[in-house]
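Student: mind folding the following:
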Amino acid sequence: MTHLSSTAIKDALQSAAPIDAMRVQGWVRTRRDSKDFSFIELNDGSSLRNLQIIARNTLSNYADIQRLTTGASIAVSGTMVASQGKGQKWELIADNIEVIGTAEDSYPLQKKGHTPEFLREIAHLRPRSNLFGSVFRVRSRLAFAVHQFFQERGFVYVHTPIITGSDCEGAGELFRVTTLNTADMPRNTSGEVDFRKDFFARPTYLTVSGQLEAEALALALSKVYTFGPTFRAENSNTSRHASEFWMIEPEMAFCNLNSNMDLAEEFVKYLIADARKHCPDEMELFAKFVDKELLARLDFVVDRPFQRITYTGAVDLLKKSGEKFEFPIDYGLNLQSEHERWLTEKHFKCPVTVFNFPKEIKPFYMRVNDDGKTVAAMDLLVPGIGEIIGGSQREERLEMLEENMRRHKMDPADYKWYLDLRRYGTASHSGFGLGFERMLKFITGVANIRDVIPFARTPGSAEF
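Tutor: As a prediction, the model looks like this:
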């Protein structure tokens, strides 16, 4: 017999005509027995939908098939025909079913509803559930769309280092990378740890952002973007913070804050439209089981222009709102997510880009505006989440950048290479960072960041 190559269930279900000989493989979702045959619902992860298998009692191993339980893996060959029953277009009448791996009765994903909290405890099995299979297919599609967006616009994809010697955000929440023996650290004469003995001969960390390096590449290649993992050792147990997450960071030479805001808004709309177009089944599942308002909200975001307001204007609105907020709101304080959500959900009822923030609450690299008080920063806020993108025009004037560094208690000598970019052919340049998982939360309606990344890394938790 000629060996049939396997067909993905997604492709089988999209077939335009019956298929005489076909082979599929996957995991049993359910099995129910009728008088002369068994119905098996089979899923291989290529789509949300299952393929119905008809296993007749004439199969030589029918007794084994009747013992199949949820979670078992099988390979099936047979004929795909128009389905007699409701709910599916095609079904596969099996000529042969090979049981590849049985599933013990303790298999935790039985056919019933499971909470995301329970599924987090079995992160190695949760991709087999409808919800998480859908989340990770959408994650894959959106990662592809990120590249498509920038490649279509002439950006160069660059890889910035994961291990770095510089703290870009100045927030100090860094994971240290070392090969030193923690039980017996080498010390110098003044008793401090002697990092010259360490692997890189200096203190190094996991990156919090690829931005500084991306600036160097943008000032040679004009338009670049990074897309990779970033790390924050922030002890934050919220539904929107993770210690390891993926970030997309475009950086553009000869670009001011306005063009930067234009690109950020266009990017958000592009990603939503892409998911709506390419993942219809998954989006329908999220709208049905995760968030009933999801599709209306997403379409609303794609169809409308985003509002723009200065930080000062936003603070005025919040102070006059009459709302009782948990965190204080005043000029010079950071906007908290409750403030961001009030702006997007209650006041403007659409995404909002806030720009021109007080220089005291923003990092050293942002361009100081002519008023001397604010920097050319922007935060793009969306309903349901708050900030999804943060960016700025970068400070391209050497003296101003050195002054900013000193104001932030940084030693310009540590950033010689970064300052060189302002010595040799400086140019106005801008960029932003989009947290990929926050975007996924927005597009899927999934409430917790731990549920849009396969294996979440959060304070106190690095299982799996």
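
Student: give me the element Leu298 is part of.
Tutor: Assigned by DSSP states H and E, Leu298 belongs to helix 294-303.

Student: so for that helix, mean pLDDT?
Tutor: Taken as a whole, helix 294-303 has a mean pLDDT of 92.

Student: kindly report the same for stretch 26-38.
Tutor: For stretch 26-38, the mean per-residue pLDDT is 95.

Student: residues of that stretch that come out buried?
Tutor: Residues of stretch 26-38 classed as buried: Gly26, Trp27, Val28, Arg29, Arg31, Phe37, Ser38 (neighbour count, 16 or more other CB atoms under 10 Å). Quick note: C-beta positions are derived from backbone N, CA and C, even for glycine.

Student: where does pLDDT dip in the stretch 251-400 of the chain?
Tutor: For the stretch 251-400 of the chain, applying pLDDT under 70 flags no range at all.

Student: tell me where the chain has helices.
Tutor: Applying DSSP state H to the chain gives helices spanning 9-13, 62-65, 116-121, 130-152, 211-221, 257-278, 280-289, 294-303, 311-320, 337-341, 398-407, 416-423, 436-444.

Student: list the buried ones in the helix holding Leu298?
Tutor: Leu294, Leu295, Arg297, Leu298, Val301.

Student: stretch 417-436 now?
Tutor: Across stretch 417-436, burial judged by 16+ other CB under 10 Å covers 418-419, 421-422, 426, 428-436.

Student: quick one: list the elements packing against the helix holding Leu298.
Tutor: Using 3 or more CB pairs under 8 Å, 6 or more residues apart in numbering; DSSP states H and E as the contact test, the elements touching helix 294-303 are helix 257-278, helix 280-289.

Student: which strands and helices sit next to the last one?
Tutor: In other words, helix 280-289. Short answer (3+ CB pairs under 8 Å, 6+ apart): helix 280-289 packs on helix 130-152, helix 294-303.

Student: likewise the longest one?
Tutor: With contacts taken as 3+ CB pairs under 8 Å, 6+ apart, helix 257-278 sits against helix 130-152, strand 244-253, helix 294-303, strand 352-358, strand 374-382, strand 386-393, strand 429-435, helix 436-444.

Student: that helix vs strand 352-358, what angle?
Tutor: Here helix 257-278 runs at an angle of 150 degrees relative to strand 352-358 (axes from the mean of the first three to the mean of the last three CA atoms, to 10 degrees).

Student: list the buried ones in helix 257-278?
Tutor: For helix 257-278, by 16+ other CB under 10 Å, it's 257, 260-261, 263-265, 267-272, 274-275.

Student: ditto for the last one
Tutor: Applying a neighbour-count criterion of 16+ other CB under 10 Å, the buried positions in helix 280-289 are Glu282, Met283, Leu285, Phe286, Ala287.

Student: surely the first one touches Leu48?
Tutor: Spelled out, that is Glu282. Yes - using CB atoms under 8 Å, Glu282 is in contact with Leu48, at 6.0 Å.
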